[in-house]
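Colleague: missing the sequence, but the structure's below:
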């Protein structure tokens, strides 16, 4: 197995090693196709020759510079695979506002990441998503066919994938809150990581999504990590989704795990490598590329 990445939340390891990386600006179409907006992205190249790459997708209100994103960048550098992360619009250093956030917009942003990986020679991709990013990864993996100029999705790893995002949003707002939200057009949302104005389009877009059909359309082996003490994503909802996916999802539950699972990073890394070693179609296995 490759050496585990540093457990520090800093961008460099205790021994001073820094993963080689390049900061990018990826163009995406603006609102209603008007002009262009830009995504902030960070690309770490492969250590050797490979056509397999990783696209990392962060959670709601977070960024590509979060602790998990940095941790897994080190892991995949040790494995030898290129690693691309990006900030969804309205997050981090990307253009756009949180008020205009929708799941569909996030999917478009992730597709821009896939096209960038294709441009750099990737033909197979592992999607790695956290929370909202895990839901975006599922939407991409369930498309069935890669878009033009995109590598083929071969596997998926998700930490607390937000499969119950609509139900949680509506439950927290309540009937009166939803009516006010729709009438006002936007409301203030406060979480542990962000305080922002969020538009009604967030709810409208989620209501157009078929989450039950998403499980049946999933066609790649997937690994889910989920904490039972998560107060953001219901572990029961994730369990039901996994069972509906025709045996393609391995669900790893942590009885003492919260939403972020930061206290279990080393275990996540070990089990991710085990999972990828068992996946067909990703090219050379992690066991053959590390060290």
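Modeller: Alright, I've got the coordinates. This structure is a prediction, so every number in the text was calculated from the model and none was measured.

Colleague: all strands of the stretch 151-291 of the chain, in order?
Modeller: For the stretch 151-291 of the chain, the strands defined by DSSP state E, counting those that start in this stretch cover 152-159, 186-190, 195-199, 222-227, 249-254.

Colleague: can I get those strands in CSV with mean neighbour count and distance to residue 264?
Modeller: All C-beta atoms are positioned from the backbone trio N, CA, C, and that covers glycine. Shown next, in CSV, are the strands of the stretch 151-291 of the chain (neighbours: other Cβ atoms under 10 Å; distance: least, Cβ to Cβ, whole Å):
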stretch, mean neighbour count, distance to residue 264
strand 152-159, 24, 9
strand 186-190, 14, 26
strand 195-199, 17, 27
strand 222-227, 24, 8
strand 249-254, 17, 6
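
Colleague: turn those into TSV, including mean pLDDT.
Modeller: Formatted as TSV, the strands of the stretch 151-291 of the chain follow (pLDDT from 0 to 100):
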stretch	mean pLDDT
strand 152-159	97
strand 186-190	95
strand 195-199	96
strand 222-227	98
strand 249-254	98
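
Colleague: nearest to residue 143, out of those?
Modeller: Closest approach to residue 143 among those (Cβ to Cβ): strand 152-159, 7.9 Å.

Colleague: could you check the angle strand 222-227 makes with that closest one?
Modeller: 10 degrees (axes from the mean of the first three to the mean of the last three Cα atoms, to 10 degrees).

Colleague: so how far is strand 152-159 off the chain centroid?
Modeller: Its chain's C-alpha centre and that of strand 152-159 lie 9 Å apart, by Cα atoms, centre = their mean, to the nearest Å.

Colleague: got it, and stretch 120-139?
Modeller: Its chain's average C-alpha position is 6 Å from that of stretch 120-139, according to Cα atoms, centre = their mean.

Colleague: in the helix or strand harbouring residue 70, what's buried?
Modeller: For residue 70, the element it lies in under DSSP states H and E is helix 67-79. Across helix 67-79, burial judged by 16 or more other Cβ atoms under 10 Å covers 68, 69, 70, 71, 72, 73, 74, 75, 76, 77, 78, 79.

Colleague: for those, which one is nearest residue 278?
Modeller: Closest to residue 278, out of all of the buried residues of helix 67-79 and judged by Cβ to Cβ, is residue 79, at 14.5 Å.

Colleague: isn't that closest one up against residue 269?
Modeller: No - if you go by Cβ atoms under 8 Å, residue 79 and residue 269 don't touch, sitting 10.1 Å apart.

Colleague: can you report phi and psi for the residue nearest the centre of the chain?
Modeller: Most central in the chain under Cα atoms, centre = their mean is residue 129, positioned 2.1 Å from the mean C-alpha point. The phi/psi pair for residue 129 (degrees, to the nearest 10) reads phi -130, psi 150.

Colleague: any idea how far it lies from residue 184?
Modeller: Residue 129 sits 30 Å away from residue 184, going by Cβ to Cβ, to the nearest Å.

Colleague: check residue 83 too.
Modeller: Counting by Cβ to Cβ - residue 83 and residue 184 are separated by 40 Å.

Colleague: these two - which one has more neighbours?
Modeller: residue 83 (26 against 11; other Cβ atoms under 10 Å).

Colleague: test my guess that that one contacts residue 44.
Modeller: Yes - using Cβ under 8 Å, residue 83 is in contact with residue 44, at 4.5 Å.

Colleague: for those two, list the residues in contact with both.
Modeller: Here residue 83 and residue 44 have 19, 73, 76, 77 as joint contacts, going by Cβ atoms under 8 Å, 6 or more residues apart in numbering.

Colleague: list just the nearest of those residues to residue 173.
Modeller: residue 73 (35.1 Å).

Colleague: list the contacts for that closest one?
Modeller: So residue 73 contacts 5, 19, 21, 42, 44, 56, 83, 85 (Cβ under 8 Å, 6+ apart).

Colleague: of these, grab the buried ones for ChimeraX.
Modeller: Entered in ChimeraX, the line below selects the buried ones among the contacts of residue 73, by 16+ other Cβ under 10 Å:
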select :5,19,21,42,44,56,83,85
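
Colleague: in a markdown table: the contacts of residue 73, plus secondary structure and distance to residue 207.
Modeller: Listed next are the contacts of residue 73 as a markdown table, based on DSSP: H, G, I helix; E, B strand; the rest coil; distance: Cβ to Cβ, whole Å:
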| residue | secondary structure | distance to residue 207 |
| --- | --- | --- |
| 5 | coil | 39 |
| 19 | coil | 40 |
| 21 | coil | 38 |
| 42 | strand | 33 |
| 44 | strand | 37 |
| 56 | strand | 28 |
| 83 | strand | 34 |
| 85 | strand | 29 |
